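Undergrad: sequence first, predicted model second:
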Amino acid sequence: MTKLSPVILWFRRDLRLHDNPALAAAVRSGAPVVAAFIVSPEADDPWSPGERAQSWLRVSLDHLAASLGERGLRLILRIGRPELCLAQLAAETGAATVLWNTQYDPTDRAEETRVAEALAKVGVASRTHESDVLHRPGSILTGAGRPHSVFTPFYRAFLRMPPLAPSLSAPRTMTPMRRWPASVSLNTAFGKQAQRPILSDWHPGEEGAIKRAKRFKAHALDSYESARDLPAVEGISRLSPHLHFGEVSPRQLWQSLTTVPGSGAFLRQLVWREFARHILFHKPELTEQPMRGAFAKFPWQPDPVQTSAWQEGRTGYPLVDAGMRELRETGFMHNRVRMVVASFLVKHLLQPWQTGTRWFWDQLYDADLANNTLGWQWVAGCGPDAAPYFRIFNPVLQGEKFDPEGAYVLRWVPELKGVPVRWLHQPWLASVKPRRYPKPIVEHTAARERALAAYATIRD
DNA sequence: TGAAATGTTGGGGCG
DNA sequence: ACGCCCCAACATTTC
């Protein structure tokens, strides 16, 4: 029997052993597997991961290395440009093939192209697999053969797609290398600096992801449709960072939940994720540019003072401030509240949506280019299938509707303690005003009218 | 995956 | 008893 040359498995945001097509293919080849992750400090990429995402990634890689270790493999960490590192690694190990799962963010696609070209030059083959999406971008088009720009038709077309192939199980045995190539440590790759520790209710890594998914299925899926809008209730899945880093695949979730009655509302959210990826695939410029051209002329009023009041949770609107403080303190924000704070920044404060995109990108564990971009464009009214610009959330009403007891705002804005529930969402009307809590930085009705006037200037 | 303004209706108080 | 008015409550339109 001829000795097989090793294959390199290039891990990216697919940090799992289950349902990992590239890994499965590598193992199936029977060749020794070199699992690699490349940390690339790309100064020229405006969307390189933020601090929160980095700290998540670091822990997740630690777990991945451990579970590879249990199966006799090492995770080789290298620092540098992927095309150079992988070519180098191939030369060191004699690998003839590099496998990976495709990712569709603009910079990831460019990176994959560079890698494939660099490998081809040195006679190393590239093999790509699908796992970041349920259906490949470009595979779902309108009757006219164009990308969908409205969610509902996309959703219908999505449901008509051929059934998914079954999820892959984690490989039991893998062929190790006789001698492992060198690897840098996580400390070297990410710096020894103490990063903000991950809060104890998050568990980066595949095991944490699977546990979270199981817990959600057992305890929250039933009531998801109604409870997902209540930030004081644990009614959401909290799977977004796990999905972002590929610690669980969308296919695993889809197949585990699709047979459960009442799972439709959650699965629909997974399709929103697909929708965002498909749109960004077709229009990569949307990370910076509004999808609707008219918005290029929108009279934003950039103002660092207003922006930092928003960032720091000092707007005087309890629901907005609670959300922004939750974000800063935990790296996460409940989605209902994300919509409210985003609407507030863009409409009440007239700050460009890109300001919000950037802040979320830097603060969120689950910061995901497609979801973040499309979410903000949606709120701002300039995106695909966007909320009309005149749909302006009233932060008081949203608070009264979705946090009626005020448990959520009290948790994150302790200055409100003592304010009667009746006035929790508009404490400036309480007979005894909370001390140390700011007055609203804008008055709702006036801000609303100002936003409508600004919108009127770009309407045709 | 709004909210506010405006319109309509119907019950009840009251002269 | 009747018409008038007020105003919830709900529906529709507008932003």
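TA: Okay, I see it.

Undergrad: quick check: residues of the stretch 251-400 of chain A near DNA strand B?
TA: Contacts of the stretch 251-400 of chain A with DNA strand B, taken as Cβ under 7 Å from any atom of the strand, map to A:269, A:272, A:335-336, A:339, A:387-388, A:390-394, A:397-398. For every residue, glycine as well, the C-beta is placed using N, CA and C.

Undergrad: highest neighbour count among those residues?
TA: Of those, residue A:393 is surrounded by the most neighbours, 23 neighbours in total, counting by other Cβ atoms under 10 Å.

Undergrad: the closest residue to that residue other than its chain neighbours: what secondary structure?
TA: Leaving aside its chain neighbours, residue A:393 sits nearest to residue A:343 (4.2 Å; criterion: Cβ to Cβ, 6 or more residues apart in numbering). Assigned with DSSP: H, G, I helix; E, B strand; the rest coil, residue A:343 falls in the helix class.

Undergrad: same check, this time on residue A:291
TA: Following three-state DSSP, residue A:291 is assigned to coil.

Undergrad: closest one to DNA strand C out of the residues of the stretch 251-400 of chain A next to DNA strand B, please.
TA: Of all these, DNA strand C sits closest to residue A:390, with 4.2 Å by Cβ to the nearest atom of the strand.

Undergrad: which of the residues of the stretch 251-400 of chain A next to DNA strand B come close to DNA strand C?
TA: Among these, proximity to DNA strand C is found for A:388, A:390, A:391 (Cβ under 7 Å from any atom of the strand).

Undergrad: redo those residues as a markdown table? Include secondary structure.
TA: Formatted as a markdown table, those follow (three-state DSSP):
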| residue | secondary structure |
| --- | --- |
| A:388 | coil |
| A:390 | coil |
| A:391 | coil |
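
Undergrad: by pLDDT, give me the weakest of these.
TA: pLDDT across those is lowest for residue A:388, at 83.

Undergrad: that one contacts residue A:381, doesn't it?
TA: Yes. Residue A:388 lies in contact with residue A:381 (Cβ atoms under 8 Å); the separation is 6.1 Å.

Undergrad: show me what contacts the residue nearest to residue A:393?
TA: Shown in contact with residue A:343 (Cβ atoms under 8 Å, 6 or more residues apart in numbering): A:379, A:392, A:393.

Undergrad: which of the residues of the stretch 251-400 of chain A next to DNA strand B sit farthest apart?
TA: Greatest spacing in those, by Cβ to Cβ: A:269 and A:390 (25.3 Å).

Undergrad: centre of the chain to stretch A:64-75, how far?
TA: Between the centre of stretch A:64-75 and the centre of its host chain there is 26 Å, according to Cα atoms, centre = their mean, to the nearest Å.

Undergrad: stretch A:309-320 too?
TA: The answer for stretch A:309-320 is 23 Å, by Cα atoms, centre = their mean.

Undergrad: swap in stretch A:388-399?
TA: Taking Cα atoms, centre = their mean, one finds stretch A:388-399 lying 24 Å from the centre of the chain it belongs to.

Undergrad: and if you look at stretch A:198-206?
TA: Offset of stretch A:198-206 from its chain centre (Cα atoms, centre = their mean): 15 Å.

Undergrad: pull up the distance across it, start to finish.
TA: Using Cα to Cα, to the nearest Å, one end of stretch A:198-206 lies 16 Å from the other.

Undergrad: could you give the mean pLDDT of that stretch?
TA: Stretch A:198-206 shows a mean pLDDT of 91.

Undergrad: quick one: contacts of it?
TA: For stretch A:198-206, contacts defined as Cβ under 8 Å, 6+ apart pick out A:15-18, A:55-57, A:59-60, A:62-64, A:67, A:208-209, A:211-212, A:238, A:241-242, A:245, A:247-248, A:330-332, A:365.

Undergrad: just the buried members of these?
TA: Buried subset of these (neighbour count, 16 or more other Cβ atoms under 10 Å): A:15-18, A:55-57, A:59-60, A:63-64, A:67, A:208-209, A:212, A:238, A:241-242, A:245, A:247-248, A:330-332, A:365.

Undergrad: taking the stretch 101-250 of chain A, what residue is nearest to DNA strand C?
TA: Going by Cβ to the nearest atom of the strand, DNA strand C is nearest to residue A:150 of the stretch 101-250 of chain A, at 17.8 Å.

Undergrad: burial count for that residue?
TA: Residue A:150 has 11 neighbours, counted by other Cβ under 10 Å.

Undergrad: how much space between the residue nearest to it when sequence neighbours are not counted and DNA strand C?
TA: The spatial neighbour of residue A:150 that comes closest, neighbours along the chain excluded (Cβ to Cβ, 6+ apart), is residue A:385 at 4.6 Å. Distance of residue A:385 to DNA strand C, computed by Cβ to the nearest atom of the strand, to the nearest Å: 16 Å.

Undergrad: and residue A:40, by the same measure?
TA: Distance of residue A:40 to DNA strand C, given as Cβ to the nearest atom of the strand: 46 Å.

Undergrad: re the thing from before, in helices only, show me the residues of the stretch 251-400 of chain A next to DNA strand B.
TA: Those of those mapping onto helices are A:269, A:272, A:335, A:336, A:339, A:397, A:398, per DSSP state H.

Undergrad: for those, which one is nearest residue A:138?
TA: Of all those, residue A:272 has the smallest distance to residue A:138: 18.1 Å, by Cβ to Cβ.

Undergrad: quick one: that closest one and residue A:154 touch, right?
TA: No. Residue A:272 sits out of contact with residue A:154 when judged by Cβ under 8 Å, with a separation of 9.4 Å.
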